[in-house]
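Chemist: next come a sequence and a model predicted from it.
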Amino acid sequence: VQLQASGGGPVQPGGSLSLSCACSGCTSWRYSMGWFRQAPAKDREFVAAISWGLGRTYYVDAVKGRFAISRDDANDTVYLQMSSLEFEDTAVYYCAADSYTNLLRRTPRYWGQGTQVTVSS
């Protein structure tokens, strides 16, 4: 399983940005997918996850109502649509894949490289 994230960049507060993560093998292995982030001088934290099959979603409270995770199994890709971005959303964002349980436990086995999101005026 290999994951490749893209879509980061600079954005103003209140703006929107969409991240993508292409995963080779996620659909074949029926893996759920998710996003994590790591802000400067902070530990990596869970952001959102979406299950394989039913597409159940789960979000950390800090992004509920502002971020939306979705997946396109035909293209083995997971997306994170971010809106109403805040300074505190500045971080390196990582995509990940594994069972839904492991994602929610914050222990996925497969990680993509990060993509930087910078919220700045």
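Modeler: Received the coordinates, thanks.
Chemist: quick check: bridge partners of the residue nearest the centre of the chain?
Modeler: Nearest to the mean C-alpha position of the chain, counting by CA atoms, centre = their mean, stands residue 35 at 2.3 Å. The partner list for residue 35 in beta bridges (DSSP bridges) reads residue 48, residue 95.
Chemist: buried residues in stretch 96-106, which are they?
Modeler: For stretch 96-106, a neighbour-count test (16 or more other CB atoms under 10 Å) marks 96, 97, 98, 99, 100, 102, 103 as buried. Yep, even glycine has a C-beta here, placed from its N, CA and C like the rest.
Chemist: same question for it, mean pLDDT?
Modeler: Averaged over stretch 96-106, pLDDT sits at 97.
Chemist: can you list contacts of it?
Modeler: Stretch 96-106 has contacts (CB atoms under 8 Å, 6 or more residues apart in numbering) with 1, 3, 23, 26, 31-36, 46, 49, 51-52, 56, 58, 107-112.
Chemist: pretty sure the residue nearest to the centre of the chain contacts residue 44?
Modeler: No: applying CB atoms under 8 Å, one finds residue 35 not in contact with residue 44, separated by 10.8 Å.
Chemist: what is in contact with the two at once?
Modeler: Common neighbours of residue 35 and residue 44 (CB under 8 Å, 6+ apart) are residue 94.
Chemist: sorry, back to before: show the buried residues in the contacts of stretch 96-106.
Modeler: 1, 3, 23, 26, 31-36, 46, 49, 51-52, 58, 108, 110-112.
Chemist: in strands, which of those residues fall?
Modeler: 3, 23, 32, 33, 34, 35, 36, 46, 49, 58, 110, 111 (DSSP state E).
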